[in-house]
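In: Just the structure for this:
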Amino acid sequence: MRIPLLALLALLGVLAACSQPAPPPPPPTQNQPPPEPTPEQQYGEIKSSLSPLFSEGPMGLNMIPSLVSTAGTIRASKSVTENGRQALSMLIRDVEECIRKNKEVNKWRKVKAGCLVFEALQPGSDRYAKTKRDADLMLAKPNVEVTGFLESGNDTFIFLVTTNNLTGEKKTFKVREGEEFYAPPKVGDEPNTQNLLRVVRIIGNKQAVELEYKLVNYVWQVEGPRARQGA
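Out: The predicted model follows:
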């Protein structure tokens, strides 16, 4: 049986085509955006940008506005994708834990910073409004040093130096048991006209003075010069 020449040539062409390797895949599209980072990756990035809040070291009040601004930027940038929102939720949980832990150990600057950062991450929430007010009240409590005593007739006068925790301003007072003193112009963001401290009593032979911080009914003792010198 004879195969026509044209059919034979066509058959050979098909066989040759089948024996050739497949062409390579097309190159990837140029400028294709990388995949979005995972929630965990984004969480690590945004938490590090707020590291002063989570560190063990002290925090200056001048650092708080920068942290709040950073928190607002984080919320704006991470609220647009699902992975970003998950990262944001993880960060918010950490901020709430930071507020709780610092409140337990009376680190009121970090408590206030945490409350303000939370508000920047959750606009409109008043969840920590009371805690922020408590922080303002405790930050308004000055450091007090008893510098001496003076007997005058039937009275014992106590010399005290207060240091404003927010401004560093020092003031000197001469008071007796039961008297009130120290009226800073502001408590937190609110104007103030009342005395915040009261002398409760002199302890022992002028070993210490018991004071009351009236805004929160907090009573504590401050050693006098004799006790500090071990006398």
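
In: can you pull the contacts of residue 43?
Out: 86-87, 90-91 (C-beta atoms under 8 Å, 6 or more residues apart in numbering). Every C-beta, even on glycine, is put in place using the N, C-alpha and C of the backbone.

In: List only buried entries from the residues you listed.
Out: Buried members of the contacts of residue 43, counted by 16 or more other C-beta atoms under 10 Å: 86-87, 91.

In: Please, which helix or strand holds the residue sitting nearest the centre point of the chain?
Out: In the chain, the centroid-proximal residue (C-alpha atoms, centre = their mean) is residue 114; its distance is 3.2 Å. Residue 114 belongs to helix 108-121 when assigned by DSSP states H and E.

In: From the chain's centroid, how far away is that helix?
Out: 5 Å (C-alpha atoms, centre = their mean, to the nearest Å).

In: right, and the helix or strand after that helix?
Out: Next element after helix 108-121 (DSSP H and E): helix 129-139.

In: Pairing partners for the following helix or strand past that next one, with directions?
Out: The helix or strand immediately downstream of helix 129-139 is strand 143-152, counting by DSSP H and E. Take DSSP bridges as the rule and strand 143-152 pairs in its sheet with strand 155-163 (antiparallel).

In: What residues of the partner strand count as buried?
Out: In terms of neighbour count (16+ other C-beta under 10 Å), strand 155-163 has its buried residues at 158-160, 162.

In: and which of those is nearest residue 38?
Out: For these, the residue nearest residue 38 by C-beta to C-beta is residue 162; the value is 51.5 Å.
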